[in-house]
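>>> please work out how this folds:
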Amino acid sequence: MDNNLSNPDPPPRLRMVNISKSFPGVLAVRDVTLEVRSGEILALAGENGAGKTTLMNVLTGVVLPDAGEIYLDGEKVVVDSPRRALELGITMIHQELALISQLSVGQNIFLGREPRRKLRGWVDWPRLNQQARGELDRLGLDIPVDALIGDLSIAQRQLVEIAKALSYQARLIVLDEPTSALTEKEANTLFGLMRSLRSQGVSLIYISHRMEEIFQLADRVAVMRDGQLVGVAPVEDLTPGRVVRMMVGRELRELFPKEKTTPGEIVLRASNLTSPPQLLGASLELRRGEILGLGGLVGSGRTNLAQALFGALPLEAGEIMLDGKRVEIRSPRQAIQMGIGFVPEDRKSDGLFLGQSVRSNTAVGLLRRLSVFGFVLFRRIEQRVRDLVSRLNIRTPSISQRVRNLSGGNQQKVVIARWLALDPKILILDEPTRGVDVAAKAEIHALMSDLAARGVAILMISSELPEVLGVSDRILVMREGRVAAEFNRAQASQDAIMQAATGQVDTDTPPLSTNPEEAHP
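Prediction:
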């Protein structure tokens, strides 16, 4: 007897057949057929707006498809709600977290599934916390189960979201940019867990813009472009360059388009900024026309330093000088009046009015500037917004489109456009390309280089070392609330930055150079 006939190959874990989905003005997914095998990691790559998230939202019941069918382990299923997806063993860890800040870690992990006491049906809090502790221990996370989500860092919240998803004992897990806010150690913990789940027969769909992660983890890579699936191949048959070409439909020759500039005079000097426990005496200098990279591990004080410079974090001690004059920046409003702009790390929570239009989000800071005797000059504002949308290549059907309907990369461009509308002399960018595809990254990097060439002083915070090395004229590394090391562009390397960030070598803070020739070879 033919063994192939008696033991046919099992059906794929997931088969999505001819899936299509459109929104007003946008055909998001068009006739996509995708398979995921049992016990494999499938990387799903594509630019923001390529249709990846929409396809996964169809899979997890967030949106209903206009056409197409879904099969799970060979059985046709209808996924008409997120709850139904969970019942089928499908769960998704979204890039934008879905946790409740006012509840504890344990409450979030088992929200809606709280263990109950037999008598009276009250929540069994000790058992809930014990089970939550088990899920966290499974990931190797030392996070208190009774800590409020609102008191955790973004990286810690991301890991709690992962623990919550895994608590459902899912057979198919979708991860959408899960490492975007994680340290290298935390990311490696996640990768080890993913490999363990794969060995247990769990299937994983991994959405990421980081080529090194895709080639480190994936068994196969599926690439989407303009709502269509353009190719699927084993990872060993691909190269990063080929994947990028499939994603953007062209060569991407320059991911870090850096123009050579000669930074000018010091426009910002911060000395001994202190706000315990986040800042413990941080100092820096920023020059006109310079891109100053700020590296360090999550929790090192990078974002806190940016917030202090923008007036969003009260200082106990320290001095800030703008153009040689001492200033006190006690609020973001004062910072804006002094010509400082700030693109925050979490664009959805801190940077955008999601229910408002591209026009409203971009023009919100222009209303006072473009008003005469209390009358808003709407035509001038409209033209200014259109110019910025064109300059930043913001992909939107119209400037009336609600920002929540744009891809992550285009949302980030809208945040940047708002500040460019105000012509800042200092621009602080906190993780400017977090969750942004490779093509949008290159556009944002080119914009930064162009702004620096025009004399804007840029302070850029990034957890991606290739980005820090690729776009910065000079690099500072923070550790434990202080600037631990400084490198010029020629001196910097990934090893040197990581050694300074982790304290592996003697990196007492060097004196900040006042000689442009020393800092910028």
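>>> pLDDT at the residue lying closest to residue 141 once chain neighbours are set aside, what is it?
Take residue 141 and drop its neighbours on the chain: the residue closest to it by CB to CB, 6 or more residues apart in numbering is residue 159, 5.5 Å away. Backbone N, C-alpha and C define where each C-beta goes, glycine included. On pLDDT, residue 159 comes in at 81.
>>> what's next to the helix or strand in which residue 159 is found, contact-wise?
Element membership of residue 159 [criterion: DSSP states H and E] is helix 154-166. The contact list for helix 154-166 (CB atoms under 8 Å, 6 or more residues apart in numbering) reads 91-94, 97-99, 105, 108-109, 111, 132, 135-136, 138-139, 141, 143, 149, 152, 173, 175, 178, 180-183, 186, 190, 193, 197, 298-299, 345-346.
>>> show me the residues you listed that map onto helices.
105, 108-109, 132, 135-136, 138, 186, 190, 193, 197 (DSSP state H).
>>> circling back to that earlier point, quick one: the residue nearest to residue 141 from residue 205, how far?
Applying CB to CB, to the nearest Å, the value for residue 159 to residue 205 is 19 Å.
>>> now swap in residue 339 and tell me
For residue 339, the distance to residue 205 - CB to CB - is 44 Å.
>>> cool, and residue 73?
Distance from residue 73 to residue 205, by CB to CB: 15 Å.
>>> just residue 119 next, same as before
Taken as CB to CB, the span from residue 119 to residue 205 is 43 Å.
>>> who has more neighbours out of residue 339 and residue 205?
Set side by side, residue 339 and residue 205 show more neighbours around residue 205, with 25 against 17, by other CB atoms under 10 Å.
>>> list the contacts of the residue nearest to the more buried one when sequence neighbours are not counted.
Among residues not flanking residue 205 along the chain, residue 174 sits closest, at 4.5 Å (CB to CB, 6+ apart). Residue 174 makes contacts with 56, 59-60, 90-93, 204-205, 207, as judged by CB under 8 Å, 6+ apart.
>>> which of those has the most neighbours?
In the contacts of residue 174, the most neighbours by other CB under 10 Å go to residue 90, 27 neighbours.
>>> got a list of what the closest residue to it other than its chain neighbours touches?
Closest residue to residue 90 apart from its sequence neighbours, by CB to CB, 6+ apart: residue 172 at 4.8 Å. Residues near residue 172 by CB under 8 Å, 6+ apart: 13-14, 36, 72, 89-91, 202-205.
>>> need those residues in CSV with distance to residue 23, can you?
Shown next, in CSV, are those (distance: CB to CB, whole Å):
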residue, distance to residue 23
13, 28
14, 23
36, 25
72, 25
89, 28
90, 22
91, 24
202, 31
203, 28
204, 27
205, 22
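>>> can you tell me which of those are in strands?
14, 36, 72, 90-91, 203-205 (DSSP state E).
>>> okay, and the beta partners of residue 482?
residue 479 (DSSP bridges).
>>> ok, now the one 4 residues further on?
Beta bridges link residue 486 to residue 476 when assigned by DSSP bridges.
>>> please look at it and residue 474 and confirm they touch.
Yes. Between residue 486 and residue 474 a contact is recorded at 7.0 Å, counting by CB atoms under 8 Å.
>>> distance-wise, check residue 10 relative to residue 98.
Distance from residue 10 to residue 98, by CB to CB: 33 Å.
>>> for the most centrally placed residue in the chain, what are its contacts?
The centroid of the chain falls nearest to residue 434 when counting by CA atoms, centre = their mean (3.0 Å). Applying CB under 8 Å, 6+ apart, we find residue 434 in contact with 180-181, 345, 412, 463.
>>> and the strands in the stretch 201-350 of the chain?
In the stretch 201-350 of the chain, the strands defined using DSSP state E, counting those that start in this stretch lie at 203-207, 220-225, 228-234, 266-275, 279-287, 291-296, 317-322, 325-327, 340-343.
>>> tell me which of those strands sits most buried.
Across the strands of the stretch 201-350 of the chain, the average number of neighbours (mean count of other CB atoms under 10 Å) peaks for strand 291-296, which reaches a mean of 27.
>>> neighbouring strands for it, and are they parallel or not?
By DSSP bridges, strand 291-296 pairs with strand 457-461 (parallel), strand 474-479 (parallel).
>>> ok, and what's touching the last one?
Strand 474-479 is contacted by residues 282, 284, 290, 292-297, 300-302, 305, 468-469, 483-489, 492, 497, 500-503, 507, 519-520 when judged by CB under 8 Å, 6+ apart.
>>> what distance separates that strand from the centre of its chain?
21 Å (CA atoms, centre = their mean, to the nearest Å).
>>> between strand 279-287 and that strand, find me the angle.
For strand 474-479 against strand 279-287, the angle by axes from the mean of the first three to the mean of the last three CA atoms, to 10 degrees is 180 degrees.
>>> double-check residue 336 against residue 423; I have them as touching.
No. Distance between residue 336 and residue 423: 11.4 Å, which falls outside the contact criterion (CB under 8 Å).
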